[in-house]
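Novice: Sequence and predicted structure are below.
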Amino acid sequence: MTEIHEGQKMYDLMERLFPICRSITGDGVRETFDILKEHISIQLYEVPTGTEVFDWTVPKEWNIKDAYIMDADGRKIIDFKRNNLHVVGYSTPVNKMISLEELQQHLYSLETQPDAIPYITSYYKERWGFCLTHNELKKLKDGIYHVVIDSELIDGNLTYGELILPGKTDKEVFLSTYVCHPSMANNELSGPVMAVHLAKWLMEKERKYTYRIVFIPETIGSIPYLSRNLDEMKRNIIAGYNISCVGDERAYSYLPSRLGDSIADRAALNVLKNSHPEFVQYSFLDRGSDERQYCSPGADLPVASVMRTKYGQYPEYHTSLDNLDLVTAKGLQGCFDVYKDCIELIEQNERYQVTCLGEPQLGKRGLYPTLSTKESGRLVRDMMNFIAYADGEHDLIDISNLIGVPVKELYPIVQRLMENKLLRIRD
Amino acid sequence: MTEIHEGQKMYDLMERLFPICRSITGDGVRETFDILKEHISIQLYEVPTGTEVFDWTVPKEWNIKDAYIMDADGRKIIDFKRNNLHVVGYSTPVNKMISLEELQQHLYSLETQPDAIPYITSYYKERWGFCLTHNELKKLKDGIYHVVIDSELIDGNLTYGELILPGKTDKEVFLSTYVCHPSMANNELSGPVMAVHLAKWLMEKERKYTYRIVFIPETIGSIPYLSRNLDEMKRNIIAGYNISCVGDERAYSYLPSRLGDSIADRAALNVLKNSHPEFVQYSFLDRGSDERQYCSPGADLPVASVMRTKYGQYPEYHTSLDNLDLVTAKGLQGCFDVYKDCIELIEQNERYQVTCLGEPQLGKRGLYPTLSTKESGRLVRDMMNFIAYADGEHDLIDISNLIGVPVKELYPIVQRLMENKLLRIRD
Amino acid sequence: MTEIHEGQKMYDLMERLFPICRSITGDGVRETFDILKEHISIQLYEVPTGTEVFDWTVPKEWNIKDAYIMDADGRKIIDFKRNNLHVVGYSTPVNKMISLEELQQHLYSLETQPDAIPYITSYYKERWGFCLTHNELKKLKDGIYHVVIDSELIDGNLTYGELILPGKTDKEVFLSTYVCHPSMANNELSGPVMAVHLAKWLMEKERKYTYRIVFIPETIGSIPYLSRNLDEMKRNIIAGYNISCVGDERAYSYLPSRLGDSIADRAALNVLKNSHPEFVQYSFLDRGSDERQYCSPGADLPVASVMRTKYGQYPEYHTSLDNLDLVTAKGLQGCFDVYKDCIELIEQNERYQVTCLGEPQLGKRGLYPTLSTKESGRLVRDMMNFIAYADGEHDLIDISNLIGVPVKELYPIVQRLMENKLLRIRD
């Protein structure tokens, strides 16, 4: 039976975060961080409205208290308090009586998914609107409606969080996830809850690398983050992952970094090919999250993505159906395990070099199994094959790929050979 | 309906050139140049008989006024004036009465194509002969025949033509075609008429590159041309095409340069894959025209070929059936368009570099389409994909291949990004 | 009919060597060398017991005079003199009466091959034992048996042989084979008899390269050989082959060097693809002989293997069924021819460079065939294709692969072009 202990904890955390109305700025994001900080000591940063970051400008801060559409009978037929997807993100305030005809200019639904509330935003053009299921839309009758959006767009701040876990070297592994979507589960809450639990796991672990873990609004968060930290990031980051859509059970997916040959890519491919060979391999042309910024020309960071079902590839994506039924503890656990394997591999990946010339004599060191079985024969063969390629040129990932043995089976071999001083790490 | 305006002009020019009896030297070539010079100002060069050029020697000049075989009844049963293929090229003069038996030693026909007159030459061994259809051959009766070839082989010159169209840089694009075949249409007249019309098009065009366009006899023309110009050609030519067999409608073909990785190759492949994905891809082992000289070791010029049906690959090749019925205005137009696309791509091909870090904000510059349609979505996606690879390392051909967008759709993107100063050309 | 003259000589030599009881040390090896030295002047070396070589120690010397199992009726039911495989290699001496039950602790047979005596050794753990067919095993009845092994394990020497055939340069081709198995034919005697005959052929041949030919016990012989000669071997060896399992008729096999791109690999692949395209291509992961030492990290010698049916891949392997019926003169001759072809190619392999610019004019040099036939057309085409790639960058193997012409057909072309000073060897 699969162990889903961590998956359940992630799921529980997601349940608490789910009802909050996040957007790219505002108190919903801060409220989210209050909860995340119960688990890990995230450092928060605020970037003022109007700050110019690369080609972009930090927008106004958006906050919303309430929103509804009331019919002539005084019934709230659409109510933000029931589902925060009902309001177009960044809607300007409104409070007026309007006809159905006028109202319909401000309504968004999905004819092909009549039970789903779509997720719509309008960050860079001021407008207001409501989202509802197509079935709700069809029920609307002629008449006068009272529309209320109690929101504000003010000069404020964009909030992001950062956690640095120092390692033995300044070289870094980078994990990025986003906190800017209202009540949706796979995209996005699976991301931050996984980042929190990876951070907790890393905190209890001996770390060769320093870990830079960031929680940002997508796009408009990664851009100021990059603009503030680019030199250091370019100098130090050897591998990174954008953590998004990591919670359903339907698939494993891999989306490469722009050039596709980084350690992050090689580790992810090695792990997935061995543990989930049926994984879906995307092209960088299929990208759609913060790797768009991290991998952009000039930034050129080695950031790949390992996901369950990728954003845009499942019918519930960006609708109210991407909810707590879609994501499961088991789904989260599966991707958590893959990320741990990738990080473990990045930590262990070295160019190993055998210390003797010719093959070592395993027997005199007790490295031959005492009982000769099919399994022990395979162990010896794997050890000898590892040694044959431990030439200080091929790294652990190369050797795993060359000899067709998962790295998890190579770690104990490396350890035994190191203990016997038959192996050293090449500088 | 396909536009064949230029194709018709090429066809009309070919009709005028068709009856002339060309060979590798002689007045037929000069007469051909007289007509071509009505269109473009080709500079003519004469290379004297006996000139040593690389491993070769320029042969005697051959001219012919008349030739026929007359039967005992005084009828010209084979007459050079009806079809100049009837005489073996470079035939020595003859005027005598001979028996059918002796005559047959000098006759060439094709048993498998009984209605075709074959095209035969004997440049480097002195002999005389007549070519005729196999049906004609079979009709010959015993008796005495009067054979007349009123030709001369004299110390004279080999004639070739050159047109240089200066551009903004000394770097050159090289176009080569040959004028040495008598009345045949696809191989060869489609070549020189296309070169003339490409020259006319280039003359009216702003040119980054200098264009070197040569009209030469095949093999024995390209060798002296190379020997006279090699240093300059090696220094300047960045891409070249040998233009031959560009007039029928049956296929598009590509034959690479020797190493196959030049800009000429990459442009041709990119254009053909997008516009005529069914094109036939040959190997350099299938070569057979002047790329044999241009790409030879030590010359190493980047010369590829784009053709319609390749020489040697169609049944009418090197017979009287390669005539004005085989080549069409539409066939010529198709290959003309491909060559224009290749040249345009070579002109536009640069390593572009995006000027901002992170993705640019398209919206504030009006680069997002105002109307969101499926088409506009594709445009934005193509633009963002172009930007993602505009890193100053990948050139335009690379990016087109990487993102799967034809260069014609990238040109306006490049232009808009350049206008918005979001892109620069890397030196 | 296939010429098997050399194959028959190899077979005859193998017949003489077959009965000798070889092991990794001892008089059986020396007796083998006495016979080999009738053919070639092998220099013998003795490495004392206890010598430390890389990670290994040279073991005690083992000699055996007699061994048998006698039943209660005084019949030798198992007799070393009938087949030396009956004794476990390196068995300690024994002479006692034991019960069947105790005896069975020391017996080895193959249930799945009931007529085969298995080949078993125990070099690094002292024990004694007998091998017999499973049918013999099943016939044993309860009772007392007299077991005798008249062997000794003493401080002595490990014996190996070396033959150096000087060439025009110090650069070397390395041939290694092993002499450490008792009466088995494909693995191993086919190896040393082929090495002897390759040496004889090389001795009568003009040699560009120096040849280092060694006859060693497997593993524990290659390790001291490497330890004594490594610097010189690394400096000089450009290609090498481990010669093993070269005598049956069922297959041709190729096992690459560790990195797979040496001249030894490229020559073997070129020869096999042209002469035996059905050959079996193994991976270095399938290795199992002295290439394990020669190709080990730090040694990094370019040693590949060309075999008939590879060790471990045929049912008779390491049993008494690997006998003189399995190996044939024809089988030996086939692999002998392949090795000669590989060596010839290594000798001839150069980066050739055509001396003229443009294509040479073959006609004036009589390089065009006087009779134009299909065959002569192919010869001219092959010659022109060879010239097209004779650019001083591609070597002969590259060109053969590129133009699809076996090197045997290129040798006369190279010779004619060299004679005509159209070709030179690039330094």
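Specialist: Looks like it came in fine. Being a predicted model, the structure only gives us computed values, none of them experimental.

Novice: Now A:P59. Nearest residue, chain neighbours left out?
Specialist: Leaving aside its sequence neighbours, A:P59 sits nearest to A:Y123 (C-beta to C-beta, 6 or more residues apart in numbering or on different chains; 6.0 Å). Just so you know, the C-beta spots here come from the backbone N, C-alpha and C atoms, and that holds for glycine as well.

Novice: Which stretches in the stretch 301-427 of chain A count as helices?
Specialist: A:329-348, A:374-389, A:396-403, A:407-419 (DSSP state H, counting those that start in this stretch).

Novice: Pick out the shakiest of these, pLDDT-wise.
Specialist: Mean pLDDT values for those show the minimum at helix A:374-389, a mean of 90.

Novice: Mind exporting the C-alpha coordinates of that one to PDB?
Specialist: Taking Å, rounded to 0.1, in the frame of the first residue of the first chain, the C-alpha atoms of helix A:374-389 are listed here in PDB:
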ATOM      1  CA  LYS A 374      20.100 -14.100  -9.200                       C
ATOM      2  CA  GLU A 375      19.700 -10.900  -7.200                       C
ATOM      3  CA  SER A 376      23.200 -10.900  -6.000                       C
ATOM      4  CA  GLY A 377      24.500 -11.500  -9.500                       C
ATOM      5  CA  ARG A 378      22.700  -8.400 -10.600                       C
ATOM      6  CA  LEU A 379      24.200  -6.400  -7.800                       C
ATOM      7  CA  VAL A 380      27.700  -7.400  -8.800                       C
ATOM      8  CA  ARG A 381      27.000  -6.700 -12.400                       C
ATOM      9  CA  ASP A 382      25.600  -3.300 -11.600                       C
ATOM     10  CA  MET A 383      28.600  -2.500  -9.400                       C
ATOM     11  CA  MET A 384      31.100  -3.600 -12.000                       C
ATOM     12  CA  ASN A 385      29.200  -1.600 -14.700                       C
ATOM     13  CA  PHE A 386      29.200   1.400 -12.400                       C
ATOM     14  CA  ILE A 387      32.900   1.100 -11.900                       C
ATOM     15  CA  ALA A 388      33.500   0.700 -15.700                       C
ATOM     16  CA  TYR A 389      32.000   4.100 -16.300                       C
END
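
Novice: quick one, the host helix or strand of A:K9 and helix A:329-348 angle?
Specialist: Assessed by DSSP states H and E, A:K9 sits inside helix A:5-17. Counting by axes from the mean of the first three to the mean of the last three C-alpha atoms, to 10 degrees, helix A:5-17 lies at 120 degrees to helix A:329-348.

Novice: Run through who's touching helix A:5-17.
Specialist: Residues outside helix A:5-17 that contact it (C-beta atoms under 8 Å, 6 or more residues apart in numbering or on different chains) are A:32, A:35-36, A:39, A:185, A:189-190, A:192-194, A:196-197, A:201, A:247, A:324, A:327-334, A:336.

Novice: same question, stretch A:320-333
Specialist: A:2-8, A:10-11, A:14-15, A:18, A:83, A:85, A:113, A:115-117, A:119, A:133, A:183-187, A:189-190, A:193-194, A:246-249, A:308, A:314-316.

Novice: Just give the nearest non-adjacent residue to A:D71, would you?
Specialist: Per C-beta to C-beta, 6+ apart, closest to A:D71 is A:I77, 5.2 Å.

Novice: of all the helices of the stretch 301-427 of chain A, which lies closest to B:G366?
Specialist: Counting by C-beta to C-beta, B:G366 lies closest to helix A:329-348 out of the helices of the stretch 301-427 of chain A; the figure is 40.0 Å.

Novice: angle of that closest one against helix A:396-403?
Specialist: Using the same axes, to 10 degrees, helix A:329-348 lies at 100 degrees relative to helix A:396-403.

Novice: now helix A:329-348: how far from the chain's centre is it?
Specialist: Helix A:329-348 sits 12 Å away from the centroid of its parent chain (C-alpha atoms, centre = their mean, to the nearest Å).

Novice: List the buried residues of the helix holding A:K9.
Specialist: Buried residues in helix A:5-17, counted by 16 or more other C-beta atoms under 10 Å in any protein chain shown: A:6-7, A:9-11, A:13-14, A:17.

Novice: I'd like these laid out as CSV, including pLDDT.
Specialist: Shown next, in CSV, are the buried residues of helix A:5-17 (pLDDT from 0 to 100):
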residue, pLDDT
A:E6, 96
A:G7, 97
A:K9, 98
A:M10, 98
A:Y11, 98
A:L13, 98
A:M14, 98
A:L17, 98
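
Novice: Return the member of these nearest to C:T49.
Specialist: A:E6 (58.3 Å).

Novice: list the contacts for the residue of the stretch 201-350 of chain A found nearest chain B?
Specialist: Nearest to chain B, among the residues of the stretch 201-350 of chain A, is A:P297, at 3.6 Å (C-beta to the nearest C-beta). Shown in contact with A:P297 (C-beta under 8 Å, 6+ apart): B:353-354, B:387-392.

Novice: buried subset of the contacts of stretch A:320-333?
Specialist: A:4, A:6-7, A:10-11, A:14, A:18, A:83, A:85, A:113, A:116-117, A:119, A:133, A:183-187, A:189-190, A:193-194, A:246-249, A:308, A:314, A:316.

Novice: Look at the nearest residue to A:G312 once chain neighbours are set aside and tell me its secondary structure.
Specialist: Nearest non-adjacent residue to A:G312, counting by C-beta to C-beta, 6+ apart: A:G288, 6.2 Å away. Of the three states, A:G288 takes coil under DSSP: H, G, I helix; E, B strand; the rest coil.

Novice: Now go through the contacts of helix A:5-17 and say which are in strands.
Specialist: Residues of those located in strands (DSSP state E): none.

Novice: Of those residues, which count as buried by neighbour count?
Specialist: Counted by 16+ other C-beta under 10 Å, the contacts of helix A:5-17 give A:32, A:36, A:185, A:189-190, A:192-194, A:196-197, A:247, A:324, A:327-334, A:336 as buried.

Novice: got a list of what A:Q313 touches?
Specialist: A:251, A:253, A:280.

Novice: Among these, pick out the one closest to A:K340, please.
Specialist: A:S253 (17.3 Å).

Novice: could you pull out the helices for the stretch 51-200 of chain A?
Specialist: Counting by DSSP H, counting those that start in this stretch, the helices of the stretch 51-200 of chain A are A:100-104, A:134-139, A:190-203.

Novice: Pick out the residue of the stretch 201-350 of chain A closest to chain C.
Specialist: Closest point on the stretch 201-350 of chain A to chain C, by C-beta to the nearest C-beta, is A:E350, at 14.5 Å.

Novice: What residues does that residue make contact with?
Specialist: A:E350 neighbours (C-beta under 8 Å, 6+ apart): A:395-396, A:425-426.

Novice: Show me the residues you listed that map onto strands.
Specialist: Per DSSP E, those map to strands at A:I425.

Novice: So which residues on the stretch 1-150 of chain A come close to chain B?
Specialist: A:53-56, A:124 (C-beta under 8 Å from any C-beta of the partner chain).

Novice: Apply 10 Å and report the result again.
Specialist: A:53-57, A:123-125 (C-beta under 10 Å from any C-beta of the partner chain).

Novice: Show me which residues of the stretch 151-300 of chain A sit near chain C.
Specialist: So the stretch 151-300 of chain A never meets chain C (C-beta under 10 Å from any C-beta).

Novice: Name the helix or strand for A:E46, please.
Specialist: strand A:43-48.

Novice: and the spatially closest residue to A:K310 that is not a sequence neighbour, what are its bridge partners?
Specialist: Spatial nearest neighbour of A:K310, excluding adjacent residues (C-beta to C-beta, 6+ apart): A:S253 at 4.5 Å. Per DSSP bridges, the residues bridged to A:S253 are A:V280, A:M307.

Novice: Thanks a lot, see you next time.
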